[in-house]
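Visitor: prediction below, plus the sequence it came from.
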Amino acid sequence: MKEEYSQVNIEEAAERLQLDKVFIEELMKKFLDGNALENAEKAFAEGNLEEAKNAVHLIKGTSANLGAVRIKQAGIRDRN
């Protein structure tokens with residue numbers, strides 16, 4: 001497994017999503033190269049809490065689906 005994915009349980013994600021491990025790694029790279037975190041930071045800076053909440057929820061959900069459990073467990077909670 002590549003070093004940048006050392007905290008990611010790719011095997012668990014591949015099994016749960018019924019996808020190839022290589023494909024999971026490609027999805028993780030796209031996710032990490034994306035702009036979800038920047039969107040969350042911008043929304044917070046602009047005081048747009050609904051947009052910030054949605055961006056953080058996207059990060060948490062995608063992380064969980066791709067096996068990045070440490071992000072999922074970081075204490076980000078949905079407070080509706």
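Guide: Structure's in. What do you need? Every value quoted in this text rests on a predicted model; they were computed, and no experiment measured them. Residues are numbered from 1 along each chain as shown.

Visitor: may I ask which helix or strand encompasses the residue minimising distance to the centre of the chain?
Guide: Central residue of the chain (C-alpha atoms, centre = their mean): residue 63, 2.8 Å from the mean position. Assessed by DSSP states H and E, residue 63 sits inside helix 49-66.

Visitor: quick check: residue 24 touching residue 67?
Guide: Yes. Here residue 24 lies in contact with residue 67, judged by C-beta atoms under 8 Å, at a distance of 7.0 Å. Where you see a C-beta, it was placed from the backbone N, CA and C, and this is true even at glycine.

Visitor: can you pull the residues that touch both of these two?
Guide: With contacts defined as C-beta atoms under 8 Å, 6 or more residues apart in numbering, the residues adjacent to both residue 24 and residue 67 are 10, 13-14.

Visitor: okay if I get the residues you listed as a markdown table plus distance to residue 48, neighbour count and pLDDT?
Guide: As requested, these are arranged in a markdown table below (distance: C-beta to C-beta, whole Å; neighbours: other C-beta atoms under 10 Å; pLDDT from 0 to 100):
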| residue | distance to residue 48 | neighbour count | pLDDT |
| --- | --- | --- | --- |
| 10 | 34 | 21 | 79 |
| 13 | 31 | 22 | 80 |
| 14 | 35 | 18 | 83 |
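
Visitor: just the closest of those residues to residue 35, please.
Guide: The shortest approach to residue 35 among the shared contacts of residue 24 and residue 67 belongs to residue 13, at 21.7 Å (C-beta to C-beta).

Visitor: verify the stated contact: that closest one with residue 67.
Guide: Yes. Between residue 13 and residue 67 there is a contact at 3.3 Å, judged by C-beta under 8 Å.

Visitor: shared neighbours of these two, anything?
Guide: Shared between the contact lists of residue 13 and residue 67 (criterion: C-beta under 8 Å, 6+ apart) are residues residue 24.

Visitor: residue ranges of the helices in this structure, please?
Guide: In the chain, the segments counted as helices under DSSP state H are 10-17, 21-33, 36-45, 49-66, 69-72.

Visitor: returning to what we had before: so which bits of the helix holding residue 63 are buried?
Guide: For helix 49-66, a neighbour-count test (16 or more other C-beta atoms under 10 Å) marks 52-53, 55-56, 58-60, 62-63, 66 as buried.
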